[in-house]
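A.B. asks: Structure of the sequence below:
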Amino acid sequence: MARTFDRARARVERARMRHAAPVIRGTTRVTCPACGASREAELVQTIDPRENPADKTRLLAGELNVLACACGKRTQLAAQLLYQDRDAGFFAQVCPGGEDALDAGAAAFAASGVTGTLRVVPTQNALVEKIKILDAGLADWAIEMMKVLLLASIGELDRVLLFDALDGDVLRWLMFDEDGRLEHVSSPRSGYDRLASRAAPNALRIDRAWAIDATRQMIDGAN
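C.D. replies: As a prediction, the model looks like this:
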């Protein structure tokens with residue numbers, strides 16, 4: 001009886017997950033911060049890579065939700081955006097606007113009943129990194145902890161370190177200094193694998209603050 005119930009529940013879940021949230025796209029009038037001109041810009045607020053792979057391509061290329069003004073200024077629009085990769089069971093919301101917006105995104109996930117890997121992030125650029133990690137077959141929480149350990153090893157915990165790519169057994173990173181200068185960094189995958197062997201956390205916000213706390217607890221637990 002239990003197995004029959006589990007199979008039935010699994011069928012219901014698969015059926016529910018096959019129905020994506022509708023793709024929301026339109027236009028909005030935006031003022032260029034450089035020249036002050038008011039222009040129409042396309043705004044995409046839902047991405048389903050199965051149904052609209054071109055939207056994902058534009059997102060990763062930095063071309064989605066961008067005001068390209070005739071004066072030459074390109075401005076990333078701060079907009080809510082839902083990314084739903086049903087094949088991977090990954091759902092992420094971009095929630096610009098600070099803590100209240102992130103809390104509202106978490107509440108929206110809870111109300112929706114969706115299951116899988118759920119994330120809320122503050123910016124579209126943060127979503128891009130999550131997708132790159134997902135596409136590399138890696139866990140974002142272990143990547144975030146790896147960042148903390150790498151930055152701590154050089155005594156520069158405040159530096160910006162972003163995941164770039166998985167190249168065989170090597171992780172590629174982009175590191176920026178306080179002046180925005182870029183440095184390419186690499187680390188062996190073995191360090192990541194040791195972290196990823198731990199139990200995955202149940203958290204919607206996997207970011208630097210979370211990773212610092214999780215890494216500290218890991219180190220304290222080992223002492």
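A.B. asks: Which residue ranges of the protein form helices?
C.D. replies: Remark: helices assigned in the chain by DSSP state H are 2-18, 53-60, 99-112, 124-135, 140-153, 189-196, 208-222.
A.B. asks: For the fourth one, enumerate the helices and strands it packs against.
C.D. replies: So that's helix 124-135. Helices and strands touching helix 124-135, by 3 or more C-beta pairs under 8 Å, 6 or more residues apart in numbering; DSSP states H and E, are helix 53-60, strand 81-85, strand 90-94, strand 117-121, helix 140-153, strand 160-167. Glycine gets a C-beta too; all of them are placed from N, C-alpha and C.
A.B. asks: Give the rounded mean pLDDT of that helix.
C.D. replies: Average pLDDT, helix 124-135: 97.
A.B. asks: now swap in the third one and tell me
C.D. replies: For helix 99-112, the mean per-residue pLDDT is 94.
A.B. asks: quick one on the thing from earlier: buried deepest among the helices of the chain, which one?
C.D. replies: Highest mean neighbour count among those (mean count of other C-beta atoms under 10 Å): helix 140-153, with a mean of 20.
A.B. asks: thinking again about what came up before, could I get the helices and strands packed on helix 124-135 as CSV with distance to Leu127 and mean pLDDT?
C.D. replies: Formatted as CSV, the helices and strands packed on helix 124-135 follow (distance: least, C-beta to C-beta, whole Å; pLDDT from 0 to 100):
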stretch, distance to Leu127, mean pLDDT
helix 53-60, 7, 96
strand 81-85, 6, 96
strand 90-94, 5, 97
strand 117-121, 5, 97
helix 140-153, 11, 97
strand 160-167, 12, 97
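A.B. asks: Quick check: can you list the domain ranges of this protein?
C.D. replies: Taking automatic domain parsing as the domain assignment, the ranges for the chain are 16-122, 136-223.
A.B. asks: Span of the shortest one from start to end?
C.D. replies: Between the start and the finish of domain 136-223 there is a gap of 32 Å, counting by C-alpha to C-alpha, to the nearest Å.
A.B. asks: if we can go back for a sec, could you save the helices and strands packed on helix 124-135 as CSV and add columns showing distance to Arg216?
C.D. replies: Shown next, in CSV, are the helices and strands packed on helix 124-135 (distance: least, C-beta to C-beta, whole Å):
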stretch, distance to Arg216
helix 53-60, 32
strand 81-85, 30
strand 90-94, 25
strand 117-121, 22
helix 140-153, 9
strand 160-167, 17
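A.B. asks: Out of these, which is closest to Asp177?
C.D. replies: strand 160-167 (8.4 Å; C-beta to C-beta).
A.B. asks: Who are the packing partners of that closest one?
C.D. replies: The contact analysis (3+ C-beta pairs under 8 Å, 6+ apart) places strand 160-167 against helix 124-135, helix 140-153, strand 170-176, strand 182-188.
A.B. asks: That one: which residues count as buried?
C.D. replies: Leu161, Leu162, Phe163, Asp164, Leu166 (16 or more other C-beta atoms under 10 Å).
A.B. asks: could those be laid out in a markdown table, adding distance to Asp177?
C.D. replies: Putting the buried residues of strand 160-167 into a markdown table (distance: C-beta to C-beta, whole Å) gives the following:
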| residue | distance to Asp177 |
| --- | --- |
| Leu161 | 11 |
| Leu162 | 13 |
| Phe163 | 18 |
| Asp164 | 16 |
| Leu166 | 24 |
